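Chemist: sequence? don't have it. structure:
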C-alpha cells in the first residue's frame, strides 16, 4: 500500500516535458520575415549564415539534410548551380530543388571567403572543415536570427524554413502535387497534413476554377 501511494505521489508530481513549451507544427515564416532576416545578415556581413538561411529556404530540406550538404551538392563546378539534388536522410529518396539568383550569389560569396574545397561540408562551425554544423547548432543559429529581427524564437523552428517556400508555392498555385515533389513526400496525404490544409483552403481554390 505504501509503495502504491508513493507511486501515485511521484506520478502527480511529475512535470511533463512540454510544460510551458509551444508544441505542434511550427508555422512558416512570412515573406517580410524572410527579408528582415536576410537584410540583417547582409548588413552584418555574416556570409555563412546568409548562405545557410537562403539555402534552407530554397531547398525546403529538413534540418538534418541542410547541415549534411557538401560543397559538391550545391557547387559541383566551384560555383552554385541553378538546381541541385540530394538524397534525403529520412526517406533515402532523392529530391531536387532550385537555387534562386540571390541564394547562388550568397553561396558563391561564402565559398570564396571560406575557401571551401570539393568534398568538404558546406556549412561548418568551430569544429573545423571535416565536421558539419549539428542540427542543434543550426537551431541555435535560427533562434539568434529570429531574435535579432524582433521575432519570438519559441514560435518557430528549423522546420519553419522548410515549410516557408512550400507554403507560398501552394498558396499561389494550389498545386499539391508540385509541393509534394519539392518536399520529397512519398504520399500526397503527408503533404496535406504538412501544409495544414483545411476544407476552407480547398474550397477557396475550387472557387477560383470556373468550368
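Modeler: That came in fine, so what should we check first? In this text the structure is predicted, and so the values were computed from the model without any measurement.
Chemist: from here on, contacts and neighbour counts on C-alpha atoms
Modeler: OK.
Chemist: residues near residue 156, how many?
Modeler: 20 (other Cα atoms under 10 Å).
Chemist: helix or strand right after the helix ranked longest in the chain?
Modeler: Assignment by DSSP state H gives helix 158-173 as the longest helix of the chain. Using DSSP states H and E, the next helix or strand after helix 158-173 towards the C-terminus is helix 176-183.
Chemist: Would you mind pulling the contact partners of that next one?
Modeler: With Cα atoms under 8 Å, 6 or more residues apart in numbering as the test, helix 176-183 has contacts from 60-61, 95-97, 166, 169-170, 186-188, 191-192.
Chemist: before we move on, what about stretch 81-88?
Modeler: In this structure, residues lying in contact with stretch 81-88 by Cα under 8 Å, 6+ apart are 65, 73-75, 93-101, 104.
Chemist: Out of those, which end up buried?
Modeler: Using 16 or more other Cα atoms under 10 Å as the burial test, the contacts of stretch 81-88 include 65, 73-75, 95-100, 104 as buried.
Chemist: if we take those residues, which one ends up nearest to residue 159?
Modeler: Using Cα to Cα, residue 65 comes nearest to residue 159 of the buried ones among the contacts of stretch 81-88, at 11.6 Å.
Chemist: Would you state the strands of this protein in chain order?
Modeler: Counting by DSSP state E, the chain has strands at residues 83-87, 94-98.
Chemist: Report the inter-axis angle for the last one versus strand 83-87.
Modeler: Meaning strand 94-98. Interaxial angle of strand 94-98 relative to strand 83-87 (axes from the mean of the first three to the mean of the last three Cα atoms, to 10 degrees): 160 degrees.
Chemist: Could you list every helix and strand in contact with strand 94-98?
Modeler: Strand 94-98 sits against helix 47-59, strand 83-87, helix 176-183, with contacts defined as 3 or more Cα pairs under 8 Å, 6 or more residues apart in numbering; DSSP states H and E.
Chemist: Return the distance of it from the chain's centre.
Modeler: Relative to its chain's centre, strand 94-98 lies at 14 Å (Cα atoms, centre = their mean, to the nearest Å).
Chemist: Given it, what are its sheet partners and their directions?
Modeler: Partners of strand 94-98 in the sheet, by DSSP bridges, are strand 83-87 (antiparallel).
Chemist: buried set for the strand it pairs with?
Modeler: Under 16+ other Cα under 10 Å, the buried positions of strand 83-87 are 84, 86.
Chemist: hey, where'd the helices end up in the protein?
Modeler: Under DSSP H, the chain gives helices at 2-13, 31-43, 47-59, 63-67, 71-74, 101-114, 135-148, 158-173, 176-183, 188-195, 199-207.
Chemist: so where is this protein shaky, pLDDT-wise?
Modeler: 1-24, 197-211 (pLDDT under 70).
Chemist: let's go with 50 and repeat that
Modeler: 6-12, 16-23 (pLDDT under 50).
Chemist: Residues touching stretch 121-133, excluding its own?
Modeler: 48, 52, 67-71, 116, 120.
Chemist: repeat that with 7 Å
Modeler: Residues outside stretch 121-133 that contact it (Cα atoms under 7 Å, 6 or more residues apart in numbering) are 67-71, 120.
Chemist: Done for today, thanks.
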